[in-house]
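[1] quick one, structure for this:
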Amino acid sequence: MARVFISYRRDDTGGYAGWLADDLRDRLGETQVFMDVDSLRPGVNWVAQLQNEVTSCDVLVAMIGRHWLTAEDDQGNRRLTDPHDYVRLEIEAALERDILVVPALVHGATLPRAEDLPESLRPLLHHQAIELTDSRFRADVQELIDTIEGRLDQSPPPPVQPGPTRAWWQAPLLLYVALPALVLAVVLVAIVTWSSSGPSSRVVFFDRLTDPATGQLPHASDASTAEGYAGGHYFIRKIDPGYTLVASAWTPLGPLSDTSVYVSARIVNPVPGDFVSVGCRDTFVGTQETAYRFELDPARQHVYLYRVFIQGASRKSTLLDDRADAVAQRAILPGGAWNNLAFHCDGNTLSASVNGQQLLAASDPAPFAAGRSNIGYFAPSGQTGEANFLNLQVLQP
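    Model (predicted):
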């Protein structure tokens with residue numbers, strides 16, 4: 001039976017990776033698919049476990065979204081150029097073993113050019129890619145499984161070669177024995193480069209947002225708004241043009257404190273002032289609501305981070321951070337395109353990313369303690385409209 005390792009960046013293709021893992025496990029078996037957030041146990045040495053998984057898998061599926069190549073770290077450096085980048089290390093290890101490596105293109109992505117890749121990753125382009133699309137996802141996954149089974153029927157996977165052929169996972173241990181100060185720096189680098197994938201996190205909520213039969217968000221309507229599952233995604237519609245508040249759909253979990261929320265979102269025919277939102281620590285007590293909210297206006301390619309406090313008819317939103325510069329414009333796909341949103345609420349620190357690029361960061365000296373996560377949509381007064389969502393995930397440390 002094939003063992004499959006799924007390599008991905010959560011901010012780029014996290015929802016699709018979870019979707020793929022579910023389908024592969026249905027076909028291949030629960031223990032035959034490795035995906036970090038599901039397969040890493042709390043407290044384990046993730047570097048050591050990744051070493052075991054990469055060296056024992058038969059197949060590596062490299063999930064490539066539209067920002068896989070251009071994703072940047074907090075210093076603005078392209079992640080793939082970092083020799084310690086976990087995605088780069090995973091793929092390099094698989095290529096060196098000469099096992100079946102399948103580039104899986106999602107969200108309309110294409111394979112990068114050889115000159116845009118580190119030399120060690122260029123052999124990836126010699127492997128036949130497969131496209132995973134929303135409209136025929138199950139059929140595409142079946143094609144992937146057929147590819148895996150056809151290849152493995154032809155020849156067994158090559159054995160792991162002994163010797164230090166790129167024992168990247170062994171370096172921290174050797175450094176720990178010889179140079180304790182240096183190993184601390186290496187560990188810190190590893191933590192930073194791993195932060196967007198979060199191996200120590202666990203998924204506490206996941207909804208593909210495609211199927212009303214398995215959907216977990218509200219499906220209702222009134223005179224002002226409507227929300228539900230239709231057309232292979234979740235929608236929130238503003239029906240009444242005079243309605244001025246944000247229409248939101250809350251996850252059933254809560255209250256939660258430290259969370260990371262991931263979702264793909266788009267607005268149908270957006271106009272300036274339209275925005276989609278992701279919220280955390282949203283709490284109602286009587287007529288009082290408190291929350292943190294990350295908002296994206298795709299028409300203006302502008303993002304905002306708010307601290308929201310509502311008491312009855314009084315509403316106070318404190319702008320903690322916003323961005324509409326050239327970096328934001330490169331990261332945000334304009335118009336009605338899908339954008340991958342990530343919102344991290346960690347203690348008194350908040351950060352938000354679009355398509356793998358961190359754009360916002362702030363701290364709150366008096367943070368809200370806990371609450372529910374949500375997604376939302378706002379259209380300006382006098383306008384109607386609709387926002388669509390896919391692959392909603394909530395993770396906790």
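
[2] flag the shaky bits of the protein, pLDDT-wise.
    Where the chain drops to pLDDT under 70, the residues are 1, 36-53, 151-201, 244-246.

[3] helices along that one, start to end?
    Shown for the chain, the helices assigned by DSSP state H span residues 10-28, 36-39, 46-56, 86-97, 137-154, 171-178, 180-194, 326-331.

[4] can you give the contact residues for stretch 220-232?
    Stretch 220-232 has contacts (Cβ atoms under 8 Å, 6 or more residues apart in numbering) with 134-135, 209-212, 215, 217-219, 234-240, 243, 247, 249, 388. The way it works is simple: take the backbone N, C-alpha and C, and place the C-beta from them, glycine included.

[5] what subset of the residues you listed is buried?
    134, 209-210, 215, 217, 234-238, 243, 247, 249, 388 (16 or more other Cβ atoms under 10 Å).

[6] and those, which two are the farthest apart?
    Across those, the longest distance by Cβ to Cβ is 29.1 Å; it joins 134 and 243.

[7] roughly how far apart are residue 346 and residue 281?
    Look at residue 346 and residue 281: by Cβ to Cβ, to the nearest Å, they are 11 Å apart.

[8] and those two? which has more neighbours close in?
    Shown here are residue 346 and residue 281; by other Cβ atoms under 10 Å, residue 281 has more neighbours (25 against 15).

[9] list the contacts of the closest residue to the more buried one other than its chain neighbours.
    Counting by Cβ to Cβ, 6 or more residues apart in numbering, residue 281 lies nearest to residue 371, which is 3.8 Å off, once chain neighbours are set aside. Listed by Cβ under 8 Å, 6+ apart, the contact set of residue 371 reads 254, 255, 256, 280, 281, 282, 283, 290, 291.

[10] what would those residues look like in CSV with distance to residue 325?
    What follows is the contacts of residue 371, written out as CSV (distance: Cβ to Cβ, whole Å):
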residue, distance to residue 325
254, 34
255, 35
256, 32
280, 25
281, 27
282, 28
283, 32
290, 29
291, 26
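
[11] let me know the closest of those to residue 311.
    Of the contacts of residue 371, the one sitting nearest to residue 311 (Cβ to Cβ) turns out to be residue 290, at 9.5 Å.

[12] ok so, going back, can you select the buried ones from the contacts of residue 371 in PyMOL?
    The buried subset of the contacts of residue 371, as determined by 16+ other Cβ under 10 Å, is captured in PyMOL by this line:
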select buried, resi 254+256+280+281+282+290+291
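
[13] farthest pair in the contacts of residue 371?
    Across those (Cβ to Cβ), the longest gap, 13.9 Å, separates 256 and 290.

[14] which residues do these two both contact?
    Residues within reach of residue 256 and of residue 290 at once, by Cβ under 8 Å, 6+ apart, are 281, 371.

[15] which strand residues bridge residue 378?
    For residue 378, the beta-bridge partners are residue 275 (DSSP bridges).

[16] that one reaches residue 279, doesn't it?
    No: Residue 378 is beyond contact range of residue 279, at 11.9 Å (criterion: Cβ atoms under 8 Å).

[17] tell me the bridge partners for residue 309.
    residue 290, residue 316.

[18] my read: it touches residue 316, true?
    Yes: assessed by Cβ under 8 Å, residue 309 is found in contact with residue 316 at 4.7 Å.

[19] of these two, who's got more company?
    Taking neighbours as other Cβ under 10 Å, residue 309 and residue 316 compare with residue 309 leading, 15 against 10.

[20] how close does the more buried one sit to residue 372?
    Taking Cβ to Cβ, one finds residue 309 at 16 Å from residue 372.

[21] ok so, going back, in JSON lines: the buried ones among the contacts of stretch 220-232, plus distance to residue 64.
    Compiled in JSON lines, the buried ones among the contacts of stretch 220-232 are given as follows (distance: Cβ to Cβ, whole Å):
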{"residue": "134", "distance to residue 64": "16"}
{"residue": "209", "distance to residue 64": "22"}
{"residue": "210", "distance to residue 64": "21"}
{"residue": "215", "distance to residue 64": "28"}
{"residue": "217", "distance to residue 64": "28"}
{"residue": "234", "distance to residue 64": "25"}
{"residue": "235", "distance to residue 64": "27"}
{"residue": "236", "distance to residue 64": "29"}
{"residue": "237", "distance to residue 64": "32"}
{"residue": "238", "distance to residue 64": "35"}
{"residue": "243", "distance to residue 64": "40"}
{"residue": "247", "distance to residue 64": "34"}
{"residue": "249", "distance to residue 64": "30"}
{"residue": "388", "distance to residue 64": "23"}
